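# pasted the sequence and its predicted model underneath.
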Amino acid sequence: MPIKIAEGLTALNTLTQEGIVTITSHRAETQDIRPLKILILNLMPLKEKTELQFLRLLGNSPLQIEVDFCHPVTHVATHTDSSYLAANYLTFPEIKDKYYDGLIITGAPVETMKFEDVDYWQEIVDYLDWAKIHVFSTLHLCWGAQAALYHYYGINKIPLKKNLFGIYAYTLTVKNNPLLRGFDDRYFIPQSRHTVIDDAAVDASPELQVLSRSTERGINIVANKALRQIFVLGHFEYDRRTLEEEYLRDKKKGLPIAVPDNYYPYNQDTELPMFNWCSYAHLFYSNWLNYVYQETPYDLRELHPLYN
């Protein structure tokens, strides 16, 4: 099924070339079905690349999906033109009275800062509080997951001595969870971060369930029991070359950066990076959309608020 997006998004042409079906507002309004309504709070600096990454995954679905993007206005974007944001993105005042089946809060390159020192922190808090009443299920990713665990459950992050940078394996800790249906016992996901969450605090929370973890690298996916709040420490959405772009960027700046772990064949950065998380990424988002489709109320105004 197609996805409905703003017609001005630069991702539209690429999606069309790749055979991912999109739909105009007029066409969507003439169909007698209710699409899933998904909101993406895009906190990444390279917003257009991030849009494309998520739309590829959401578009690989038999469901009709209506996707809105929003951004924090208390932060001045330096990598995306303001006119582009004004034309294609919503702001919190524009969505605060709306309801969505799903919300995705992306990562952000601010993880070494205290949460309260992030210039748009209060806006993040506003979105998180709003989501408990206005969203059926929220995916919090990387820093977005850390921020939400901190705000909702008081679980803090812990700095790493060496950044976690590469492709890593994690093991499922539960069976038959709808989010991980079809996963192998062990799967791969890209990581690019300098902090981890406090695993002991997560394990001690009766409201949270750990879905996957690694003995060496800790928790990867955790959720509340009803899957209304899902926290993924990592980047399923990354393309084959996203880590390479980060690696070459820092290398060009003369920053201390090592070759991403488990990424290049023979650990040689002249080789084509391996893309061994691609199927897991598509499966994860397909599972999430299917779960939301099955469980979300037809009338989103009937959502039961979360009280954490």
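Arrived safely, thanks for sending.

# low-confidence ranges, the stretch 201-308 of the chain, go.
Judged by pLDDT under 70, the stretch 201-308 of the chain has no weakly predicted residues.

# which stretches in it count as strands?
208-214, 218-224, 229-232 (DSSP state E, counting those that start in this stretch).

# mean neighbour count and distance to residue 151 added to those strands, as a markdown table?
C-beta here means a position set from N, CA and C on the backbone, and glycine is covered the same way. What follows is these, written out as a markdown table (neighbours: other Cβ atoms under 10 Å; distance: least, Cβ to Cβ, whole Å):
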| stretch | mean neighbour count | distance to residue 151 |
| --- | --- | --- |
| strand 208-214 | 20 | 14 |
| strand 218-224 | 23 | 14 |
| strand 229-232 | 26 | 11 |
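
# nearest to residue 146, out of these?
strand 229-232 (8.2 Å; Cβ to Cβ).

# and the helices in this protein?
Assigned helices in the chain, in chain order: 11-17, 25-29, 47-59, 82-88, 92-95, 121-134, 143-153, 199-204, 242-252, 278-295 (criterion: DSSP state H).

# thinking again about what came up before, and the strands of the stretch 201-308 of the chain: which comes nearest residue 143?
strand 229-232 (11.0 Å).

# re the thing from before, in CSV, list the strands of the stretch 201-308 of the chain along with distance to residue 179.
Shown next, in CSV, are the strands of the stretch 201-308 of the chain (distance: least, Cβ to Cβ, whole Å):
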stretch, distance to residue 179
strand 208-214, 7
strand 218-224, 7
strand 229-232, 7
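
# and the longest strand seen in the chain, what's its mean pLDDT?
If you go by DSSP state E, the chain has its longest strand at strand 157-172. For strand 157-172, mean pLDDT is 96.

# again with stretch 67-75
94.

# what is the burial count for residue 95?
Using other Cβ atoms under 10 Å, residue 95 has 18 neighbouring residues.

# that one against residue 73, yeah?
No. Checked against Cβ atoms under 8 Å, the pair residue 95 and residue 73 is beyond contact range at 11.9 Å.

# picking up where we left off before, by how many degrees do the longest strand of the chain and helix 278-295 diverge?
Taking axes from the mean of the first three to the mean of the last three Cα atoms, to 10 degrees, one finds that strand 157-172 is oriented at 90 degrees with respect to helix 278-295.

# show me what strand 157-172 is in contact with.
With contacts defined as Cβ atoms under 8 Å, 6 or more residues apart in numbering, strand 157-172 is touched by 111-112, 146, 150, 180, 183, 185-198, 211-214, 217, 220-221, 234, 243, 246-247, 257-258, 260-263, 274, 276-277.

# cool, and stretch 107-125?
Contact with stretch 107-125 is made by 43-45, 72-75, 92, 105, 141-144, 146-147, 150-151, 157, 159, 193-195, 235, as judged by Cβ under 8 Å, 6+ apart.

# determine which stretch of the helices of the chain is the most buried.
helix 143-153 (a mean of 23; mean count of other Cβ atoms under 10 Å).

# all good on my end, thank you.
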